[in-house]
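Student: Show me the folded form of this:
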Amino acid sequence: MKYDKINANLFIKNRKNFAENMKPNSIAVFNSNDIYPISADSTMPFEQHRDIFYLSGVDQEESVLMLFPDCPNENLREVLFLTETNDHIAVWEGEKLTKQAALATSGIKTVYWLQDLEKVLFEMASYADTFYINTNEHYRANVATETREDRFTKWLLAKYPAHSVAKSNPILQRLRSVKDAIELDLMQKACNITEKGFRRILGFIKPGVWEYEIEAELLHEFVRNRSKGFAYTPIIASGNNANVLHYIENNQQCKSGDLVLFDIAAEYANYKSDLSRTVPVSGRFSDRQKAVYNAVNYVKKEATKLLVPGTIWKDYHVEVGEIMTSELLKLGLLDKADVQNEDKNWPAYKKYFMHGTSHHIGLDTHDYGLVHEPMQANNVFTVEPGIYIPEEGFGIRLEDDVVIQEKGEPFNLMGNIPIEADEIEDLMN
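Tutor: Predicted structure coming up:
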């Protein structure tokens with residue numbers, strides 16, 4: 001891995017917290033992700049399943065974690081199963097985790113090779129009443145592919161039909177949404193790498209540059225700072241491309257007088273950052289562009305103040321919508337009649353700001369978190385309002401990542417990344 005070793009105390013604490021929420025005499029099982037084929041002998045780069053990483057720190061394929069806190073055999077209360085490393089694997093792929101390295105990474109003392117899984121599980125299952133299975137129940141999930149976790153669950157329930165079944169996901173949704181200090185430090189590193197990339201491109205952008213050239217500059221800076229690269233597929237949208245919310249082609253030339261909207265960020269140690277900025281290709285905003293930019297920035301600042309313990313996610317978005325409506329009226333994009341006659345299910349402001357303002361972020365860009373429950377300290381949220389005006393040929397989105405505090409306004413993990421219009425112009429000139 002490119003990242004520095006993570007303190008195993010994080011994973012020890014995460015397992016302890018999970019175990020405290022389990023039913024008596026139950027086993028929880030977590031699998032690595034598959035390595036997905038492309039065609040012939042090509043595969044996609046491996047990405048570890050976030051849940052097994054969260055609970056163990058193990059970042060390699062074909063790994064299984066089992067937690068059984070009530071097991072009468074103390075050696076089987078936390079068990080890792082790994083692919084056995086050997087000289088052949090070391091030559092062709094690089095050495096995998098040894099049992100000693102797995103202990104240092106995870107804090108788990110009992111490590112078996114994968115070929116022993118069925119035998120060891122049989123002993124564990126004989127003591128247990130319930131299996132916790134790990135299903136993806138994120139509110140945005142739309143998965144068409146059967147995962148390694150899915151296949152293991154089918155096999156497990158067929159092999160042990162007399163056991164009860166419980167769900168790991170509700171526990172993980174709560175635990176993963178509240179970040180440990182070690183996690184916040186990792187996320188800060190991801191944000192700091194993102195800052196370096198953004199500052200790099202401010203001196204690179206000029207009329208005639210291509211969107212993909214900007215993408216290359218960002219990737220260069222991210223990787224040289226120990227990131228795998230982009231936290232998600234980057235959006236580098238000049239001119240009217242910015243009005244396509246998930247524009248990812250990044251294949252157009254940036255023209256004088258246009259704006260270029262970025263939704264780009266680095267990952268670090270599987271933890272994500274998520275940044276949006278919008279800058280003038282020529283180094284100066286027009287008066288109209290700056291007025292809209294400042295309106296978006298104002299909404300972002302006011303929205304950020306609302307992210308405090310006890311806030312309800314749904315109510316928060318309604319309040320942000322009211323702030324945005326006020327700004328759109330000032331800009332002449334809406335009039336009073338638009339607001340008076342609006343459909344409450346799709347308010348007038350949605351014509352120009354059609355997406356949500358915030359989402360959880362952490363190991364996933366759209367991270368785990370139960371959005372119907374009140375916000376709490378150490379939740380990490382994005383704040384990302386935007387105004388999109390196709391008829392004027394530009395769109396603006398601004399976004400930072402913030403940590404909810406026990407008292408007062410959130411802490412901005414991206415507080416050092418330039419955002420004020422005048423500062424952007426100064427740095428570009």
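Student: In this protein, where is pLDDT below threshold?
Tutor: For the chain, the stretches with pLDDT under 70 are 90-91.
Student: can we see that at 80?
Tutor: 85-95 (pLDDT under 80).
Student: Do me a favour and get the end-to-end distance for stretch 251-260?
Tutor: Stretch 251-260 has its terminal residues 13 Å apart, counting by C-alpha to C-alpha, to the nearest Å.
Student: And for that stretch, what's in contact with it?
Tutor: By C-beta atoms under 8 Å, 6 or more residues apart in numbering, the residues outside stretch 251-260 that reach it are 205-212, 214, 236-239, 241-242, 278-282, 285-286, 289, 393-396. From N, CA and C alone the C-beta is placed, and that goes for glycine too.
Student: can you do 7 Å?
Tutor: 205, 207-212, 236-239, 241-242, 278-282, 289, 394, 396 (C-beta atoms under 7 Å, 6 or more residues apart in numbering).
Student: What are the buried residues along it?
Tutor: 252, 254, 258-260 (16 or more other C-beta atoms under 10 Å).
Student: Please give me every residue in contact with Asn243.
Tutor: Residues counted as contacts of Asn243 (C-beta under 7 Å, 6+ apart) are 388, 390, 395.
Student: you'd agree Val296 is in a strand?
Tutor: No: assessed with DSSP: H, G, I helix; E, B strand; the rest coil, Val296 is helix; it does not lie in a strand.
Student: from what I can see it touches Pro385, true?
Tutor: Yes: applying C-beta atoms under 7 Å as the test, Val296 and Pro385 come out as touching, 5.5 Å apart.
Student: Quick check: neighbours shared by these two?
Tutor: Leu398.
Student: and these two? which has more neighbours close in?
Tutor: Pro385 (28 against 23; other C-beta atoms under 10 Å).
Student: what are the ranges of the helices in the protein?
Tutor: With DSSP state H applied, the chain shows helices at 9-19, 50-56, 87-92, 99-106, 117-127, 148-159, 169-177, 181-202, 211-223, 287-305, 313-330, 336-340, 421-428, listed in chain order.
Student: Serialize the ones you listed to TSV and add fields for distance to Ser32.
Tutor: Formatted as TSV, these follow (distance: least, C-beta to C-beta, whole Å):
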stretch	distance to Ser32
helix 9-19	15
helix 50-56	6
helix 87-92	16
helix 99-106	13
helix 117-127	13
helix 148-159	7
helix 169-177	16
helix 181-202	20
helix 211-223	24
helix 287-305	37
helix 313-330	31
helix 336-340	51
helix 421-428	42
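Student: ok, now which ones touch Ile182?
Tutor: Going by C-beta under 7 Å, 6+ apart, Ile182 touches 6-7, 10.
Student: His359 too?
Tutor: Neighbours of His359 in contact, by C-beta under 7 Å, 6+ apart: 366, 381-382.
Student: ok, now Leu363?
Tutor: Contacts of Leu363 (C-beta under 7 Å, 6+ apart): 50, 53-54, 176, 270-271.
Student: returning to what we had before: tell me the one of the buried residues of stretch 251-260 nearest Ala337?
Tutor: Distance to Ala337, by C-beta to C-beta, is smallest for Leu259 among the buried residues of stretch 251-260, at 29.2 Å.
Student: and the closest residue to that closest one other than its chain neighbours, what are its bridge partners?
Tutor: Nearest residue to Leu259, sequence neighbours excluded (C-beta to C-beta, 6 or more residues apart in numbering): Phe394, at 4.7 Å. Counting by DSSP bridges, Phe394 forms beta bridges with Ile389.
Student: Just to check, Phe394 is in contact with Gln289?
Tutor: Yes: the criterion here is C-beta under 7 Å, and Phe394 meets it with Gln289 at 6.4 Å.
Student: Those two: which has the busier surroundings?
Tutor: Taking neighbours as other C-beta under 10 Å, Phe394 and Gln289 compare with Phe394 leading, 28 against 21.
Student: hmm, back to that, neighbour count and distance to Leu413 added to the contacts of Leu363, as CSV?
Tutor: Below are these laid out as CSV (neighbours: other C-beta atoms under 10 Å; distance: C-beta to C-beta, whole Å):
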residue, neighbour count, distance to Leu413
Arg50, 19, 19
Phe53, 25, 20
Tyr54, 23, 19
Arg176, 22, 17
Asn270, 22, 16
Tyr271, 28, 11
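Student: circling back: right, so of the helices of the chain, which gets closest to Phe81?
Tutor: That would be helix 117-127 among the helices of the chain, by C-beta to C-beta, at 4.9 Å.
Student: what's that closest one in contact with?
Tutor: With contacts defined as C-beta under 7 Å, 6+ apart, helix 117-127 is touched by 25, 27, 64, 66, 68, 71-72, 76, 79, 81, 112, 160, 163.
Student: can you pull the buried residues of it?
Tutor: Result for helix 117-127 [16+ other C-beta under 10 Å]: buried residues 120-121, 124-125.
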